[in-house]
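**Q** how would this look folded up:
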Amino acid sequence: MLEHDTLFIGNRWVTPASESVLEVRSPATLELVGRAPDGSPDDMDRAVLAARDAFDTGPWPAMSFAERAAYLDRILDALRPRAEELDQLVPQESGIPVCFMSGSSGFPLLEYYSELGRTHPQEELRPGRPGVAGGAIVRHAPAGVVAGIVPWNGPVMQILMKMAPALVAGCTLVIKPSPETPLSSYAIAHAVEEAELPSGVVSIVPGGRDAGSHLVSHPAVDRVSFTGSTAAGKQIAAACAPAVRRVSLELGGKSAAILLDDVDLDRAIPTVVNAGMFFNGEACSALTRVLVSRNRHDEVVDRLTHEVADLKIGDPLDPVTFFGPLVSERQRDRVEQYVASGRDEGAVVVHGGGRPEGLDVGWYVEPTIFTNVKNTMRVAQEEVFGPVLVVIPYDDVDDAVRITNESELGLAGGVFADDDHEAVEVARRLRTGHVGINTLGMDWVFPFGGFKQSGLGREMGIEGLELYCELQCFGLPEGSPLASGPR
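**A** Numbering: from 1, shown residues only. A predicted model of the protein is given here:
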């Protein structure tokens, strides 16, 4: 069992301000996995002030992209020996099977932003109009002190997705891991410590809702980056509004997988199931609405049912397990309530719908497939965040597009067809931020984020780096020696 009694604040280990403790129990066995301090508002004050001082008076923001990228390399070097530790720890904290949560899965992200820091221009010379201006230097300035709030699904990856681009941009950070998964954040904190960043640049302080609310509304914070539910994102946006504090939100999804009539089901069905139920369905980008023409509805339902039935439910540390337990009893209750609401509204369970036999200990639910679903039902409109798929029939492609877009959310989606060109033409009509064409299609180099109530801003890719920058423009007079030559 892991016992932590300090917090990582300002690049050093300190005694927490309170005696409150977070206890982490395995969602599979309910046995105690470890304990960590429960960060308080006072701890957040210390972390924010350390970050503020490091940004205002320290060397970090004055460095170049490339100089800061070198520190990512050092963090990565310190993380590599901890990959096996994280492989075992993350499933024990979250219940997400080890087949999805390789401890090294976030390493390419660090490599990507390290390389981007060496190649992406920090400043560019932009010519002005003749007779009006001599040109301008357009600079990517660091946004300042960043508050990063990360969820429990994929806790290591979620931290690295915020930390890597923010560090290259020149920001200082206070990261708040979820109270459900604080233990894995300590491995990242130790790696940051070994990388020897300047004092105050990074703090990682696990804590609950009070600590998070205090952090996002702190007057010394310049930007908030939040990943989580749409409901929580609205509260954070409201807290940031009075100070016009910059905020990026990666929120919920109720994403659709559209299967066109010509689709090869041998190729599509395994991908649709994986895209809809990976991470136990506890993923914002999961494709949980399966849209299929009435001509092929029964065939698709049969294929989906057989595909899901062949996937193992059980110990998240077993490499062949696809479905582990949900993260907590509260989350299992939430999913079961949605299953009940689907039945109450007239949807029909064709697979699952209960708790798996032989797994009486742990927060397990059966993967569930609904048919006879109307797009107005709660299970078709609200994010369940569990292994629940709804199959919705459509009349033609126009009808499929209409059903997909009739949602307050617009994070991800998928179009599956024999012809990629035809699939892309359908994808162009969808009001959603990311659409996979015959695949989930996600990578670090692509921007990710949502339309509508699925969020603000984009993470990953070049856009993920620019998210943590403010554009600064230095207008130059005609004839200025600065208005010529590369920068």
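
**Q** C-alpha from now on. contacts and neighbour counts both.
**A** OK.

**Q** run through the bridge partners of residue 287.
**A** residue 255 (DSSP bridges).

**Q** number the residues from 46 up from this point.
**A** Will do, 46 is the new start, and the previous item becomes residue 332.

**Q** what's the neighbour count on it?
**A** If you count neighbours by other CA atoms under 10 Å, residue 332 ends up with 29.

**Q** same check, this time on residue 126
**A** 13.

**Q** and for residue 308?
**A** Neighbours of residue 308 using other CA under 10 Å come to 17.

**Q** I figured it was touching residue 461, is that so?
**A** Yes - with contact defined as CA atoms under 8 Å, residue 308 counts as touching residue 461 (6.1 Å).

**Q** okay, and the common contacts of the two?
**A** With contacts defined as CA atoms under 8 Å, 6 or more residues apart in numbering, no residue is shared by residue 308 and residue 461.

**Q** surely residue 408 is in a helix?
**A** No - residue state for residue 408 (DSSP: H, G, I helix; E, B strand; the rest coil) corresponds to coil; a helix is not indicated.

**Q** count of neighbours near the closest residue in space to it that isn't next to it in sequence?
**A** Closest residue to residue 408 apart from its sequence neighbours, by CA to CA, 6 or more residues apart in numbering: residue 370 at 4.9 Å. A count of nearby residues for residue 370, using other CA under 10 Å, gives 31.

**Q** and the pLDDT for residue 370?
**A** Looking at residue 370, its pLDDT is 98.

**Q** confirm it sits in a helix?
**A** No - assessed with three-state DSSP, residue 370 is coil; it does not lie in a helix.

**Q** residue contacts, it?
**A** Residue 370 sits in contact with 72, 73, 140, 141, 325, 359, 360, 361, 407, 408, 409, 410, where contact means CA under 8 Å, 6+ apart.

**Q** just read off the phi/psi values of it.
**A** phi -70, psi 160 (degrees, to the nearest 10).

**Q** also residue 172?
**A** Note on residue 172: backbone dihedrals following degrees, to the nearest 10 are phi -70, psi 150.

**Q** how much space separates the nearest residue to it once chain neighbours are set aside from residue 436?
**A** In space, not counting the residues next to it along the chain, residue 172 is nearest to residue 180; the distance is 4.1 Å by CA to CA, 6+ apart. Between residue 180 and residue 436 the computed distance is 56 Å (CA to CA, to the nearest Å).

**Q** these two: who's more crowded?
**A** Under the criterion of other CA under 10 Å, the comparison of residue 180 against residue 436 puts residue 436 first, with 26 against 23.

**Q** isn't that one right up against residue 414?
**A** Yes - under the criterion of CA under 8 Å, residue 436 makes contact with residue 414 at 7.4 Å.

**Q** residue 198 belongs to a strand?
**A** No - judged by three-state DSSP, residue 198 forms no part of a strand; its state is coil.

**Q** residues contacting it?
**A** 139, 141, 324, 327, 328.

**Q** in helices, which of those residues appear?
**A** Counting by DSSP state H, those place residue 139 in helices.

**Q** whichever of the contacts of residue 198 end up buried, select them in PyMOL.
**A** Here is the PyMOL command that selects the buried residues among the contacts of residue 198 (16 or more other CA atoms under 10 Å):
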select buried, resi 139+141+324+327+328
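
**Q** can I see the domain layout of the chain?
**A** Residue ranges for the domains of the chain, per automatic domain parsing: 47-296+499-518, 300-482.

**Q** pull the distance from the first one to the chain's centre.
**A** For domain 47-296+499-518, the gap between its own C-alpha mean and the chain's C-alpha mean amounts to 12 Å (CA atoms, centre = their mean, to the nearest Å).

**Q** quick one: mean pLDDT over that domain.
**A** On average, domain 47-296+499-518 scores 95.

**Q** only C-alpha atoms, please: export stretch 428-438 in PDB.
**A** Extracted C-alpha coordinates of stretch 428-438, given in PDB (Å, rounded to 0.1, in the frame of the first residue of the first chain):
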ATOM      1  CA  GLU A 428     -23.700  11.400 -21.100                       C
ATOM      2  CA  VAL A 429     -23.900   8.100 -19.200                       C
ATOM      3  CA  PHE A 430     -20.200   7.700 -18.800                       C
ATOM      4  CA  GLY A 431     -20.400   3.900 -18.600                       C
ATOM      5  CA  PRO A 432     -20.500   0.900 -21.000                       C
ATOM      6  CA  VAL A 433     -23.900   1.700 -22.600                       C
ATOM      7  CA  LEU A 434     -24.600   1.900 -26.300                       C
ATOM      8  CA  VAL A 435     -27.900   2.900 -27.800                       C
ATOM      9  CA  VAL A 436     -28.800   1.900 -31.400                       C
ATOM     10  CA  ILE A 437     -30.900   4.400 -33.200                       C
ATOM     11  CA  PRO A 438     -32.400   3.700 -36.700                       C
END
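
**Q** contacts for that stretch, please.
**A** 297-299, 321-322, 325-329, 333-339, 342, 346, 371, 379-380, 383, 410-420, 424-425.

**Q** list the buried residues in it.
**A** So for stretch 428-438, counting by 16+ other CA under 10 Å, buried means 428, 429, 430, 431, 432, 433, 434, 435, 436, 437, 438.

**Q** out of those residues, list just those in strands.
**A** Taking DSSP state E, the ones among the buried residues of stretch 428-438 that sit in strands are 433, 434, 435, 436, 437, 438.

**Q** using JSON lines, lay out those together with distance to residue 101.
**A** Output for these, formatted as JSON lines (distance: CA to CA, whole Å):
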{"residue": "433", "distance to residue 101": "48"}
{"residue": "434", "distance to residue 101": "49"}
{"residue": "435", "distance to residue 101": "51"}
{"residue": "436", "distance to residue 101": "54"}
{"residue": "437", "distance to residue 101": "54"}
{"residue": "438", "distance to residue 101": "57"}
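
**Q** now the strands: where do they sit in the stretch 296-445 of the chain?
**A** 300-304, 332-338, 357-358, 366-368, 393-396, 413-416, 433-439 (DSSP state E, counting those that start in this stretch).

**Q** what does the shortest one contact?
**A** Think strand 357-358. Under CA under 8 Å, 6+ apart, the answer for strand 357-358 is 365, 366, 367, 368, 369, 401, 411.

**Q** mind doing that once more with 7 Å?
**A** For strand 357-358, the external contacting residues (CA atoms under 7 Å, 6 or more residues apart in numbering) are 365, 366, 367, 368, 369.

**Q** export those to CSV and tack on distance to residue 64?
**A** Shown next, in CSV, are the contacts of strand 357-358 (distance: CA to CA, whole Å):
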residue, distance to residue 64
365, 40
366, 37
367, 38
368, 36
369, 32
